[in-house]
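Enquirer: structure here, sequence nowhere to be found:
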């Protein structure tokens, strides 16, 4: 049984560009949450998707948007990239509101 | 909103010793407290969790205690091994009607020397 998978592993972008990150949840999980982890910090909640709808959102600007597909996979989009968006982006899946399991993350570097 | 404080930020122990990491939370409505272990270059891995209707939970060398009155919870690792070296994060989650976002502490870097 595959765990949570994320792609790509690493990504380098320049300021002002847009980026899309992808996540496939564990089998049987229907809820996907996204977190941003800056170097040396704990993960910070961005938003959560359930039944293709954004169910909860953290304190992140509208430049951060997402989508969930009928197969429960999800995308995180970030527009107008800033240097401060450089971080590890983590996807976590869960069966409904239960325990969250994290993927390996996508390392985004903004130059 | 919820705020989670974690300490110490770094912890060095000898192999075989015990390690204790402590966290406090601010929202008395929080009812679920997971602990994650993150190794270099990897995502956080759930190692143990506790719900607010339980005071203590054990899984082999790992245990978590919860004091709801004081709003703090702790991770205890006994008989530490070099492979326990990693960054450990505590987290708190509020009642499900309020959303299921996890609020994390800033992490503790545990180093176990042999």
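Expert: Okay, I see it. Owing to the predicted nature of the structure, the values given are computational and were not obtained by experimental measurement.
Enquirer: list the residues that contact the residue nearest to residue A:18 when sequence neighbours are not counted.
Expert: Leaving aside its sequence neighbours, residue A:18 sits nearest to residue A:79 (Cβ to Cβ, 6 or more residues apart in numbering or on different chains; 4.9 Å). (Each C-beta comes from the backbone N, C-alpha and C, glycine too.) By Cβ atoms under 8 Å, 6 or more residues apart in numbering or on different chains, the residues touching residue A:79 are A:18, A:63, A:65.
Enquirer: the residue of chain B found nearest chain A and residue B:89, how far apart?
Expert: With Cβ to the nearest Cβ as the measure, residue B:104 is the residue of chain B nearest to chain A, at 3.3 Å. Going from residue B:104 to residue B:89 by Cβ to Cβ, to the nearest Å gives 5 Å.
Enquirer: quick check: neighbours shared by these two?
Expert: Residues within reach of residue B:104 and of residue B:89 at once, by Cβ under 8 Å, 6+ apart, are A:42, A:43.
Enquirer: neighbours of residue B:41, how many?
Expert: 10 (other Cβ atoms under 10 Å in any protein chain shown).
Enquirer: and the closest residue to residue A:74 other than its chain neighbours, helix, strand or coil?
Expert: In space, and not counting its chain neighbours, residue A:74 is closest to residue A:32: 4.1 Å by Cβ to Cβ, 6+ apart. Secondary structure, DSSP: H, G, I helix; E, B strand; the rest coil: residue A:32 is strand.
Enquirer: count of neighbours near the nearest residue to the residue of chain B closest to chain A once chain neighbours are set aside?
Expert: Sequence neighbours aside, residue A:42 is the residue nearest to residue B:104 in space, at 3.3 Å (criterion: Cβ to Cβ, 6+ apart). By other Cβ under 10 Å, 22 other residues sit near residue A:42.
Enquirer: and the pLDDT for residue A:42?
Expert: Predicted confidence (pLDDT) for residue A:42: 97.
Enquirer: is any part of stretch A:60-68 close to chain B?
Expert: No. Against chain B, stretch A:60-68 shows no contacts by Cβ under 8 Å from any Cβ of the partner chain, the least distance being 11.5 Å.
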